[in-house]
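> Please work out how this folds:
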Amino acid sequence: MSGYGGRRTQAERDLITVEIGYALCSAVFAAAVLFGAVAGPALLFELPDLAEKSLLRAGLALAPVVFVVRVVSVLVRLRTGGQPSQPGRTNPDS
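Reported below is the predicted structural model:
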């Protein structure tokens, strides 16, 4: 933003929109991969009832946690300015 309490430019609003979309899509992907890794064996193989229920419950419990952690981590990075101000330059002296 340009100054305290100022209005956001169109580019800043577009950046926020893209970052929110990226956060949600990457969080859905991460949660799906985790669910598949944890609960996948229970869905693919014939396991004892206790193991099958445990894996499914673990997958259902961990997937939302991973989703929330991923969304928060991406949006906090946006808020703290995780990207350099000059693309391609990583050192202020370059």
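> What is the longest helix of this protein by residue count?
Counting by DSSP state H, the longest helix found in the chain is helix 10-44.
> After that one, which helix or strand is next?
Following the chain from helix 10-44 toward its C-terminal end, the next helix or strand by DSSP states H and E is helix 49-79.
> and the nearest residue to Ile16 once chain neighbours are set aside, what is it in contact with?
Counting by CB to CB, 6 or more residues apart in numbering, Leu78 is the residue found nearest to Ile16 once chain neighbours are left out, at 7.1 Å. The way it works is simple: take the backbone N, C-alpha and C, and place the C-beta from them, glycine included. When contacts are counted by CB atoms under 8 Å, 6 or more residues apart in numbering, Leu78 is found next to 15-16, 19.
> Kindly indicate the member of the residues you listed with the most neighbours.
The most crowded member of the contacts of Leu78, judged by other CB atoms under 10 Å, is Glu19 (17 neighbours).
> Which per-residue confidence value corresponds to the residue most central in space within the chain?
Geometric centre of the chain, nearest residue: Arg70, 2.9 Å, by CA atoms, centre = their mean. For Arg70, the model assigns a pLDDT of 95.
> now do Phe35
In this prediction, Phe35 carries a pLDDT score of 96.
> Can you verify my assumption that it contacts Ala61?
No. Under the contact definition of CB atoms under 8 Å, Phe35 does not touch Ala61, with a separation of 10.0 Å.
> Settle it for me: which of the two has more neighbours?
The residue with more neighbours, out of Phe35 and Ala61 and counting by other CB under 10 Å, is Phe35; that gives 21 against 11.
> and the gap between that one and Leu78?
For Phe35, the distance to Leu78 (CB to CB, to the nearest Å) stands at 26 Å.
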